[in-house]
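1. Model the following, please.
(one chain, ligands or ions: 1)
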Amino acid sequence: MLIDTEPLCRLVSEIFVQSGCSTAESERIARHLASANLTGHDSHGVIRVPRYVNWLNAGNLRAGQSISMVTETEVFAVVDGNRGFGQTIGEQAVQLGIDKAAASGISIIALRRSGHLGRIGDWAEMAVESGLICIHFVNVAGSLLVAPFGGVSRRMSTNPVTIGVPLVGKPPLILDFATARVAEGKVLVAATGGAPLPEGSLVSGDGEPTSDPRALYGDVDPTRTTGKRPGSGAIRTMGEHKGSGLALMCEMLAGALTGGGCAGPDKPYIMNGMLSIYISPSHLDTGHTFAEEARQYVDFFTASEPAAGHDKVQVPGEPERRLRAERTAAGIPLPETVWHAIRQTAREAGLPDKKINDLTAPCAS
Ligand code: NAD
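-> Next up, the predicted model:
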């Protein structure tokens, strides 16, 4: 089915209000989840609603939190997310980094114990809108999903790395990817009737490459669990040893250095750590060459002759921009299983069917 952004956000927001979040926080959660769907990252979109509500009800995720300062100078800060919603905590931590870099030219923000930060590209977009370059390393304490290169056992999560670069006269570059072959949510999407996984994305418990989501989830309904993934396999890292190395560095920077902790079997719930570096080109680029050099190089890069099977060379962030425009106009595609799970979560949160239908009219089914 297709659903427009506004009715979808209305329903998602109301679910979180009913579950104990303020209206402002609920709207923020809905807006960020919908943004992931709009940009084509359905894995980090509204499919997460039942799981977030489960985490909230279990006390693993907390409504109405703010970052608290652990230590701070003019150019860096270590902040604790207090297990608050990543959509709230992320916004505050990124704003702090933007403010410090705007004043000093550079800043580093070490964020620990944030709830799920969703699509990290949202945070890069926020920084580049302020004219900053940004680099984010993210880990997920409490989540073991991915086997290191050469291994079968789960030792880390899908640990994204994200880089944003503002360009003058062109849309920004937003490179935003999981260091796993696929983000966990894409396995979730495949397990719930959405796009199938590329061949060999996972490794089965006996060490064979597979695309069967049951290698991760076993036979449980993955939209309804609080994080149990009883399959005997793992997700594989992207780029073989290189992706595995990047994922390890996410654990070092976003887990060990922030104080949020690395992935491991002893972590009771999922928390994101994020080490972010913000750079102000207007401070560092004293020769005023950055904007023109970057623009010219991107033109040179994209002018490459397309290879077989490609229309053109794209830059990071381009597919998301195109999809955002398309889905804003045409609606967000949702598998029936996901729509059903969201409506069921709404009912369990206390919303009667009539209210659900009113909120989502004319798209309710
Ligand atoms: P992906 O494999 O779709 O790669 C996305 C990146 O590749 C984007 O920068 C995109 O612009 C670029 N890209 C895609 N096609 C391209 C093309 N043809 N030419 C040039 N560039 C192209 O993304 P993914 O690895 O599946 O990650 C999905 C999302 O999951 C990300 O937004 C990530 O932040 C998020 N994530 C979050 C967490 C978390 O704990 N919060 C964990 C893992 C992943």
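
2. which phi and psi does E251 have?
-> With angles defined as degrees, to the nearest 10, E251 sits at phi -60, psi -40.

3. Burial check on the nearest residue to it once chain neighbours are set aside, number of neighbours?
-> Closest residue to E251 apart from its sequence neighbours, by C-beta to C-beta, 6 or more residues apart in numbering: C262 at 4.4 Å. In this view, the C-beta of every residue, glycine as well, is placed from N, C-alpha and C. C262 has 19 neighbours, counted by other C-beta atoms under 10 Å.

4. Tell me how far C262 lies from the ligand.
-> Applying C-beta to the nearest ligand atom, to the nearest Å, the value for C262 to the ligand is 14 Å.

5. what do you get for T345?
-> Taken as C-beta to the nearest ligand atom, the span from T345 to the ligand is 20 Å.

6. name the element that residue belongs to?
-> Per DSSP states H and E, T345 falls inside helix 336-348.

7. just the strands in the chain please.
-> Taking DSSP state E as the test, the strands found in the chain are 2-3, 68-72, 76-80, 106-114, 133-141, 146-147, 160-165, 173-178, 202-203, 209-210, 234-236, 271-279, 332-333.

8. Using CSV, please lay out those together with distance to M249, mean neighbour count and mean pLDDT.
-> Below are the strands of the chain laid out as CSV (distance: least, C-beta to C-beta, whole Å; neighbours: other C-beta atoms under 10 Å; pLDDT from 0 to 100):
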stretch, distance to M249, mean neighbour count, mean pLDDT
strand 2-3, 38, 16, 96
strand 68-72, 22, 12, 98
strand 76-80, 18, 20, 98
strand 106-114, 14, 25, 98
strand 133-141, 7, 26, 97
strand 146-147, 14, 27, 97
strand 160-165, 8, 23, 98
strand 173-178, 14, 22, 97
strand 202-203, 21, 26, 96
strand 209-210, 24, 16, 94
strand 234-236, 18, 26, 97
strand 271-279, 10, 26, 98
strand 332-333, 34, 18, 96
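
9. do you know which of those strands lies nearest A303?
-> Closest of those to A303 is strand 173-178, at 15.8 Å (criterion: C-beta to C-beta).

10. could you say what helices and strands that closest one packs with?
-> Using 3 or more C-beta pairs under 8 Å, 6 or more residues apart in numbering; DSSP states H and E, the elements in contact with strand 173-178 are helix 120-129, strand 160-165.

11. okay, the ones you listed in CSV with distance to the ligand next?
-> Formatted as CSV, the helices and strands packed on strand 173-178 follow (distance: least, C-beta to the nearest ligand atom, whole Å):
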stretch, distance to the ligand
helix 120-129, 3
strand 160-165, 4
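
12. Now for the nearest residue to G245 once chain neighbours are set aside, how many residues are close by?
-> Ranked by C-beta to C-beta, 6+ apart and with sequence neighbours excluded, the top spatial neighbour of G245 is F149, at 7.8 Å. Neighbourhood size, F149 [other C-beta under 10 Å]: 17.

13. If you rank every helix and strand of this protein by mean pLDDT, what lands last?
-> helix 184-191 (a mean of 85; mean pLDDT, DSSP states H and E).

14. Also compute the angle for that one relative to strand 173-178, please.
-> 70 degrees (axes from the mean of the first three to the mean of the last three C-alpha atoms, to 10 degrees).

15. Please enumerate residues in contact with helix 184-191?
-> 41-44, 47-48, 143, 145, 157-158, 195-197, 201-202, 211, 213-214, 216-217, 222-223, 235, 335 (C-beta atoms under 8 Å, 6 or more residues apart in numbering).

16. swap in stretch 234-247?
-> In contact with stretch 234-247 (C-beta under 8 Å, 6+ apart) are residues 145-150, 152-154, 156, 158-159, 161, 177-182, 184, 187, 200-203, 209, 215-216.
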